[in-house]
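Visitor: Task: produce atomic coordinates for the following.
(one chain, ligands or ions: 1)
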Amino acid sequence: MTEVAASTKRNLLDLDREGLERFFADTLGEKRFRAHQVMKWIHHRHVTGFEQMTDLGKALRAKLEANAEIRVPQVQFEKPSADGTHKWLLAMDGSNAIETVYIPDKGRGTLCVSSQVGCALNCQFCSTATQGFNRNLSTAEIIGQVWVAARHLGNVPHKQRKLTNVVMMGMGEPLMNFDNVVRAMSVMRDDLGYGLANKRVTLSTAGLVPMIDRLGEVSDVSLAVSLHAPDDELRSELVPLNRKYPIGELMESCVRYAQRKRGASVTFEYTLMKDVNDQPQHALGLIRLMRDFDNRLQMKDAAKVNLIPFNPFPGTRFERPDDAAIRRFQKLLNEAGRIAPVRRTRGDDIDAACGQLKGQVMDRTRRQAEFRKRLQAGGVDAAA
Ligand code: SAH
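Guide: Here you go, the predicted structure:
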């Protein structure tokens, strides 16, 4: 059979249901429902060879072979943690790799998915920031992470699920890779994909205000916002993006997002750093912000708070507060009527905790390459 060059073949993992239907109708001249069969083969049965898709006719399989491929990320290595957490390093192309983490918990299993190779936002306390930004991940590379984890778990939608939640909280800022992330989330939520309910897919952002509004227009996923400080002075230091979109504007965009979703809650993440943002006055400031948010929405508990004790990484100047300081901060929130769970550190024995994901970012500017060399010279394992 004559085949077109690999590079011109369409990677079907790049398409959501609508895109795949269009590909079948417009490119292949086939009925749209054929796209549904193929989606199930890919995402429910984890099949990547068209010859195995036995409910498609021979002619269609040959046509698919000639025009399409199903290219999934290559597992470079995987590491199970003592606590059941599982981390994959996935090769994205010749020189880049990203990390994906599966975190099982009582009655649920959450996959933490990356959206970019590296990150451009330079949040001061995040290990991904130290590698700089390389590129956006494609839709195939984002949904491919879910595909790899689901295959490993033997996950089948609608049966005893092991993969029940996805959080876009891995490497990168998902709202800086808007279209690919939205398309991948559509496959996560699709019954022909992973069948996750909207509230079980969470997008976490450092606060890209215009894109929060755009997300509200096209999607109903849960929103998490990385706040980390109750005032602009401190937040601008920790999250430089705050200089562009200060807290007031950020909170307003969250109000609009929740209003569009008819009063859904928004989760505010707060990474606790010793002597930086863990003092009582910070807790009180946070309480005020959360109360204002509830008032704007006229809804009790519209603002959820998630406390994340800082996870250290080599070279960082920040420290994790001691348990007493974490409890003190939490208690103040509790007394103001906020539940504020402290996120348990999972998978820290395999560097899989929040803010510890690095992957491999190879072909970047010289400045970044030199930074890596410095890290390595310092005995730091910057590669993986
Ligand atoms: N760019 C997105 C998603 C990636 S980070 C965002 O900023 O939300 C996922 C969460 O981990 C964010 O809340 C981030 O601020 C937090 N985080 C980053 N580094 C951390 C660290 N070293 N310890 C604890 N949490 C960290």
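Visitor: Distance check, the most centrally placed residue in the chain against the ligand.
Guide: Central residue of the chain (C-alpha atoms, centre = their mean): residue 168, 1.7 Å from the mean position. For residue 168, the distance to the ligand (C-beta to the nearest ligand atom, to the nearest Å) stands at 7 Å. Every C-beta, even on glycine, is put in place using the N, C-alpha and C of the backbone.
Visitor: give the contact list for that residue.
Guide: Residue 168 makes contact with 113, 115, 174, 181, 185, 201-204, according to C-beta atoms under 8 Å, 6 or more residues apart in numbering.
Visitor: Tell me where the model's unsure across the stretch 51-200 of the chain.
Guide: Filtered on pLDDT under 70, the stretch 51-200 of the chain yields the residue ranges 156-160.
Visitor: What parts of it come near the ligand?
Guide: Counting by C-beta under 6 Å from any ligand atom, the residues of the stretch 51-200 of the chain close to the ligand are 123, 125-127, 169, 173.
Visitor: what about the strands in the stretch 201-350 of the chain?
Guide: Secondary structure of the stretch 201-350 of the chain, counting by DSSP state E, counting those that start in this stretch: strands at 201-205, 222-226, 266-272, 303-309.
Visitor: What mean pLDDT does the helix ranked longest in the chain get?
Guide: When the chain is parsed with DSSP state H, its longest helix is helix 280-297. Helix 280-297 shows a mean pLDDT of 97.
Visitor: Also stretch 318-329?
Guide: pLDDT averaged over stretch 318-329 gives 97.
Visitor: residues contacting the nearest residue to residue 232 once chain neighbours are set aside?
Guide: Spatial nearest neighbour of residue 232, excluding adjacent residues (C-beta to C-beta, 6 or more residues apart in numbering): residue 246 at 4.9 Å. Residues counted as contacts of residue 246 (C-beta under 8 Å, 6+ apart) are 232, 235-236.
Visitor: Also residue 225?
Guide: Contacts of residue 225 by C-beta under 8 Å, 6+ apart are 204-205, 207, 212, 250, 254, 266-269.
Visitor: Would you list the buried entries among the residues you listed?
Guide: Using 16 or more other C-beta atoms under 10 Å as the burial test, the contacts of residue 225 include 204-205, 207, 212, 250, 254, 266-269 as buried.
Visitor: so which of those residues also contact the ligand?
Guide: Okay, of those touching the ligand (C-beta under 6 Å from any ligand atom), that's 204-205, 269.
Visitor: what bridges to the spatially closest residue to residue 169 that is not a sequence neighbour?
Guide: Closest residue in space to residue 169, ignoring its immediate chain neighbours: residue 204 at 4.5 Å, by C-beta to C-beta, 6+ apart. Beta-bridge partners for residue 204, by DSSP bridges, are residue 224.
Visitor: Residue 204 against residue 175, yeah?
Guide: No. In this structure residue 204 lies outside contact range of residue 175 using C-beta atoms under 8 Å: 9.4 Å.
Visitor: Residue 310: what's it in contact with?
Guide: 125, 271-274, 318-321, 355.
Visitor: could you flag which of the residues you listed are buried?
Guide: By 16+ other C-beta under 10 Å, the contacts of residue 310 give 125, 271-273, 318, 320-321, 355 as buried.
Visitor: quick one: which of those is nearest the ligand?
Guide: Of all the buried ones among the contacts of residue 310, the one with the least separation from the ligand (C-beta to the nearest ligand atom) is residue 355, at 2.0 Å.
Visitor: pLDDT value on the closest one, please?
Guide: Residue 355 is given a pLDDT of 58.
Visitor: Same check on residue 16?
Guide: 98.
Visitor: That one - nearest residue in space that isn't next to it in sequence?
Guide: Spatial nearest neighbour of residue 16, excluding adjacent residues (C-beta to C-beta, 6+ apart): residue 186 at 4.3 Å.
Visitor: In this structure that neighbour contacts residue 17, no?
Guide: Yes. Between residue 186 and residue 17 there is a contact under C-beta under 8 Å: 7.2 Å.
Visitor: would TSV of the contacts of residue 225 with pLDDT be doable?
Guide: Shown next, in TSV, are the contacts of residue 225 (pLDDT from 0 to 100):
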residue	pLDDT
204	98
205	98
207	98
212	98
250	98
254	97
266	96
267	97
268	98
269	97
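Visitor: how is this protein carved up into domains?
Guide: 10-69, 74-374 (automatic domain parsing).
Visitor: from these, which stretch is densest packed?
Guide: domain 74-374 (a mean of 19; mean count of other C-beta atoms under 10 Å).
Visitor: How far does that domain sit from its chain's centre?
Guide: Offset of domain 74-374 from its chain centre (C-alpha atoms, centre = their mean, to the nearest Å): 6 Å.
Visitor: Going forward, the N-terminal residue is numbered 535.
Guide: Noted, 535 is the first residue going forward, which turns the last one into domain 608-908.
Visitor: So what touches stretch 556-571?
Guide: Stretch 556-571 is contacted from outside by 544, 546, 549, 551, 554-555, 572, 587, 589-590, 594, 597-598, 601-602, 726, using C-beta under 8 Å, 6+ apart.
Visitor: Residue 656: what's it in contact with?
Guide: Applying C-beta under 8 Å, 6+ apart, we find residue 656 in contact with 663, 774.
Visitor: who's in contact with residue 758?
Guide: 701, 703, 736-739, 800-803, 840.
Visitor: 6 Å instead, please
Guide: 736, 738, 801, 803 (C-beta atoms under 6 Å, 6 or more residues apart in numbering).
Visitor: Same check on residue 653?
Guide: 662-663, 667, 706-707.
Visitor: Identify those among these that sit within helices.
Guide: Going by DSSP H, the helices hold none of the contacts of residue 653.
Visitor: Of the residues you listed, just say which sits nearest to the ligand.
Guide: Using C-beta to the nearest ligand atom, the contacts of residue 653 come closest to the ligand at residue 707, 4.1 Å.
Visitor: and the closest one, what is it in contact with?
Guide: 653, 655, 740.
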